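[1] Pasted the sequence and its predicted model underneath.
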Amino acid sequence: GVSRALVSFILSNEAKGEKIYRVSDGTTRKVLDIIRKYDYHPSDSARRLRSGESGIIGVILSDISNYFYAEISKHIVEWSYESEYTVIFCSTDEDLTKLKHTYKFLCNKGVDGMIIVPPDGSEELIKQYAKDTPIILLDREIPGSGISCVILDNEKAAYELVQNVAKEGYRHIEFISYKTNLSNITAREKGYVESMADLGLAENIRIHTPEYGNYEQTEAIMLDA
């Protein structure tokens, strides 16, 4: 016995927890009682058609099993829940082909935006994607792209780490990195080199670059160090 617009108005205000003005208590109770009786839920697809928004955020990580990203993901989920968003998590394993596939998959889901950890060599792809999709980079940046990013001060962190290790009396401090041009890795290498030089240990600088994911090679370097 009421219009669709009035039902929508009551539902919207109920979802926000707001007091409904301009609608009598009797009418509000009547509408809500019928909604509960028939267990009615608004259609997300219909809402998306009207608003042009999906309420979904895509998150593309480099390694979904990595503890660092797992901790960040937990906070992304918490924030998204509070903001009434749903999150879809994907992983590239530092593979450009997987990035392309995952990006297309998320676009087909109609996500409102993406949080991406860019794999090595993905700079031009990400720049292209950012023209069509709201993107925030995580942990790594693409200098000069103008794409927003949330990153650590990797150079400072590596610098302070070496300083702290040196305080324990160690002098032969070596660095295991990767064969990559990723901004976070190159920043750590720079911090390590600067810290060793400031300690007067430049002659002890050793940077090892095993292939990413080659754990046997990494283990061998550690055992030979």
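    Received the coordinates, thanks.

[2] Need phi/psi at the residue nearest to Tyr40 when sequence neighbours are not counted.
    Nearest non-adjacent residue to Tyr40, counting by C-beta to C-beta, 6 or more residues apart in numbering: Ile34, 7.6 Å away. Every C-beta, even on glycine, is put in place using the N, C-alpha and C of the backbone. Ile34 has phi and psi values of phi -70, psi -40 when expressed as degrees, to the nearest 10.

[3] With His208 as the reference, measure out to Ile34.
    Distance, Ile34 to His208, using C-beta to C-beta, to the nearest Å: 69 Å.

[4] Neighbour count: those two, which is higher?
    His208 (16 against 13; other C-beta atoms under 10 Å).

[5] pretty sure Lys109 is touching Ile57, no?
    No. Applying C-beta atoms under 8 Å as the test, Lys109 and Ile57 come out as separate, 10.3 Å apart.

[6] Give the helix, strand or coil label for the residue positioned nearest the centre of the chain.
    The residue lying closest to the centre of the chain (C-alpha atoms, centre = their mean) is Ile115, at 4.2 Å. Here Ile115 is recorded as strand under DSSP: H, G, I helix; E, B strand; the rest coil.

[7] Verify the contact between it and Tyr69 for me.
    No. Using C-beta under 8 Å, Ile115 is not in contact with Tyr69; the gap is 10.6 Å.

[8] Identify the contacts common to Lys109 and Ile57.
    Shared contacts of Lys109 and Ile57 (C-beta atoms under 8 Å, 6 or more residues apart in numbering): Ile88.

[9] lowest average confidence, helix or strand, in this structure?
    helix 44-51 (a mean of 58; mean pLDDT, DSSP states H and E).

[10] What's the first helix or strand after that one?
    strand 56-61 (DSSP states H and E).

[11] Summarise which helices and strands that following strand is packed against.
    helix 67-82, strand 86-91, helix 96-108, strand 113-116 (3 or more C-beta pairs under 8 Å, 6 or more residues apart in numbering; DSSP states H and E).

[12] Give me the contacts around the shortest one.
    Among residues not part of strand 113-116, those counted as contacts by C-beta under 8 Å, 6+ apart are 57-60, 76, 103, 106, 126, 129, 133-138.

[13] swap in stretch 186-201?
    With C-beta under 8 Å, 6+ apart, stretch 186-201 has contacts from 153-163, 166, 171, 173, 175, 177, 180, 202, 204-205, 207.

[14] same question, stretch 87-107
    By C-beta under 8 Å, 6+ apart, stretch 87-107 touches 56-65, 73, 76-77, 80, 109, 111, 114, 117-122, 125, 129, 132-133, 212-213.

[15] Using CSV, write down the CA coordinates of stretch 115-124.
    The C-alpha trace of stretch 115-124 is given here as CSV (Å, rounded to 0.1, in the frame of the first residue of the first chain):
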residue,chain,number,x,y,z
ILE,A,115,44.7,-2.3,-4.6
ILE,A,116,47.7,-3.8,-6.4
VAL,A,117,51.2,-5.0,-5.5
PRO,A,118,52.8,-4.6,-8.9
PRO,A,119,55.0,-7.4,-10.1
ASP,A,120,58.4,-6.7,-11.6
GLY,A,121,58.1,-5.4,-15.2
SER,A,122,54.5,-4.5,-14.8
GLU,A,123,55.0,-0.7,-14.9
GLU,A,124,53.5,0.0,-18.3
